[in-house]
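Engineer: turn this into a structure:
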Amino acid sequence: MTKVDNKLVVLGAGWLGHELCKQALDKHWQVQGTHRVHASTNGFERQFVLQGEKLTHNVDLYNAYWVCAMTPRSRSSESNYSQTLQKALKLSEQLNAKGFILCSSTGVYDQQNAIYTESSEITCSTPRQTKLYNSEELVLEHNGKVLRLAGLVGPKREPGRFIAGKTLDTSSHQVVNMVHQQDVINAIFKVIEHWPHGQSIYNIVNPEHPTKQQYYQQKCQQHGSDMPVFKHNEPGERKIIGSAIEALGFSYQHSI
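Structural biologist: Sure thing, here's the model as predicted:
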């Protein structure tokens, strides 16, 4: 990869964000990754937390790219995710950020069976859809970019373990929309590399879409765990297409 810039702020250095920080450091970037609590286990860690109207932080990296990688549970109805994102955008502008990437979710698309691309209409018929969509719009209004991530898999997040024995409110014939952690990180670096070009929104979804029955059977066999139970077996296909980013020279390298 051609190094476009050597500074990165990661808002939410959790499972995805922490690994992104580590790999940016390996590329000799200056990095700051945030947590809600003050932490100093690693030199790159910084605090960033909104309590009421008060923002407490020690992020001070100028001329950096910002990536918001806060976890989906931070978007619950009880959270202050939207307000935190607004504060982050404001601070990024004060620190003369090169660009701002929001790691959103393919959950922004409708749940009806269909083929979804970045240009698909979004109805915002659920509170989660509305929250995701409004967050995306906020970032786009600030000239940022949005990556809509599929279900994440990777180290310590193996599907054969986290769905073992569960009852799933879906059809066994529905297809999966998943992506590996490393492909997401590679996609982030690729978007930064081509920042002035390309689209404002990209789906990041592995091109393989086996049925949930096929997928989870394989994963449960690998880990010796019990198969989940599906609500029904009706045919259907809700498929998210993640090929648009390939126009930037990106390719999916890691199996789901």
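
Engineer: the helices in the stretch 1-150 of the chain, which residues?
Structural biologist: For the stretch 1-150 of the chain, applying DSSP state H, counting those that start in this stretch gives helices covering 15-26, 81-94, 127-141.

Engineer: nearest to Q253, of those?
Structural biologist: helix 15-26 (13.9 Å; C-beta to C-beta). Any C-beta I mention is one placed from the backbone N, CA and C, and that applies to glycine too.

Engineer: so which bits of the closest one are buried?
Structural biologist: L16, G17, H18, E19, L20, C21, Q23, A24, L25 (16 or more other C-beta atoms under 10 Å).

Engineer: just flag the most distant two among the residues you listed.
Structural biologist: L16 and L25 (15.3 Å).

Engineer: coming back round to it: for the buried residues of helix 15-26, which one is nearest S120?
Structural biologist: Using C-beta to C-beta, the buried residues of helix 15-26 come closest to S120 at L16, 24.2 Å.

Engineer: my read: that closest one touches A187, true?
Structural biologist: No - applying C-beta atoms under 8 Å as the test, L16 and A187 come out as separate, 11.4 Å apart.

Engineer: now, which of the buried residues of helix 15-26 sits nearest Q217?
Structural biologist: Nearest member of the buried residues of helix 15-26 to Q217, counting by C-beta to C-beta, is L16, at 26.6 Å.

Engineer: from K54, how far off is that closest one?
Structural biologist: 27 Å (C-beta to C-beta, to the nearest Å).

Engineer: what is the neighbour count of V9?
Structural biologist: By other C-beta atoms under 10 Å, the residues close to V9 number 28.

Engineer: ok, it - contacts?
Structural biologist: Neighbouring residues of V9 by C-beta atoms under 8 Å, 6 or more residues apart in numbering: 31-34, 59, 61, 64-67, 92, 95, 97.
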